[in-house]
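[1] can you look at this prediction? I've put the sequence above it.
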Amino acid sequence: MRVSKKQKEALSKYDQTKSYSLEEASGIVKEISSTKFDASVDLAVRLGVDPRKANQMVRGSVSLPHGTGKDVKVLVLCNPDKEADATEAGADFVGLDEYIDKIKGGWTDVDVIITTPNVMGKVGALGRILGPRGLMPNPKTGTVTMDVAKAVKDVKAGKIDFKVDKYGIIHATVGKASFDVTKLRENANEVLQTIIKLKPAAAKGTYIKSIYMSATMSPSVNIEPKSVSA
């Protein structure tokens, strides 16, 4: 595969064969990010679990201390009695039937969908559309709740959801390349400590197998898993 001039320059700034501490990796990723826009910084955490088994599924949510740096677009699907609460809390879109119809027509221009338990019968029918996009509300992540105002505020303040994929990897955005090293490290550490706490009892052997941090369109930096153990 052809390596661009920018990628060669980035790769020359660190040792790809080495594992770094979370602090070091945060600094390297900041330095090698060279996009014209403010790139997202992401973690890829490979776990020693079998996600096909229900008792080894790892999913959850975490509030990033410094937010994601992104303006998160939130849709609240609810009955009229909760619409004012959702709007006042900062939801971008609020309603029910009209948005269900829009989603059925292919509209998914939001980052998070929050709903109430009493309308899940209607929302559940959207599973085939929302599931593959990671938008399906779920009680475990706090996106199915009667307290829609709190849920909206949490998401807007930097709460993110994560779930292990079929390859045993969790992908999570931990900020922007414009963040300083301390903010990136603290956000990433919050995600990693949450993942560690969620270790399934059925998972045997090494739980965190590898951790990589990267910015959009930049090479990834290997983080030493032992440096972030709980």
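    Alright, I've got the coordinates.

[2] backbone dihedrals for the residue minimising distance to the centre of the chain, please?
    Residue closest to the mean C-alpha point of the chain, counted by CA atoms, centre = their mean, is residue 172 at 3.7 Å. Note on residue 172: backbone dihedrals following degrees, to the nearest 10 are phi -150, psi 140.

[3] do residue 207 as well
    phi -80, psi -60.

[4] and it, how many neighbours?
    As a burial measure, residue 207 scores 18 neighbours (other CB atoms under 10 Å). Every C-beta, even on glycine, is put in place using the N, C-alpha and C of the backbone.

[5] how about it, what does it touch?
    47-49, 196, 199 (CB atoms under 8 Å, 6 or more residues apart in numbering).

[6] any idea how far it lies from residue 192?
    Per CB to CB, to the nearest Å, residue 207 is found 11 Å from residue 192.

[7] same check on residue 123?
    Residue 123 is 31 Å from residue 192, by CB to CB.

[8] which one's more surrounded, these two?
    Using other CB under 10 Å as the criterion, residue 123 and residue 192 rank with residue 192 on top: 25 against 22.

[9] so is that one in a helix, a strand, or just coil?
    helix (DSSP: H, G, I helix; E, B strand; the rest coil).

[10] which ones are touching it?
    22, 43, 45, 208, 211, 228.

[11] looking at the residues you listed, which one is closest to residue 68?
    Using CB to CB, residue 43 comes nearest to residue 68 of the contacts of residue 192, at 12.3 Å.

[12] and the closest one, what helix or strand is that in?
    strand 40-47 (DSSP states H and E).

[13] for that strand, packing partners?
    strand 169-176, helix 181-197, strand 208-215 (3 or more CB pairs under 8 Å, 6 or more residues apart in numbering; DSSP states H and E).

[14] can you add mean pLDDT and distance to residue 39 and give those back as TSV?
    Below are these laid out as TSV (pLDDT from 0 to 100; distance: least, CB to CB, whole Å):
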stretch	mean pLDDT	distance to residue 39
strand 169-176	95	7
helix 181-197	96	12
strand 208-215	96	4
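
[15] good, wrapping up.
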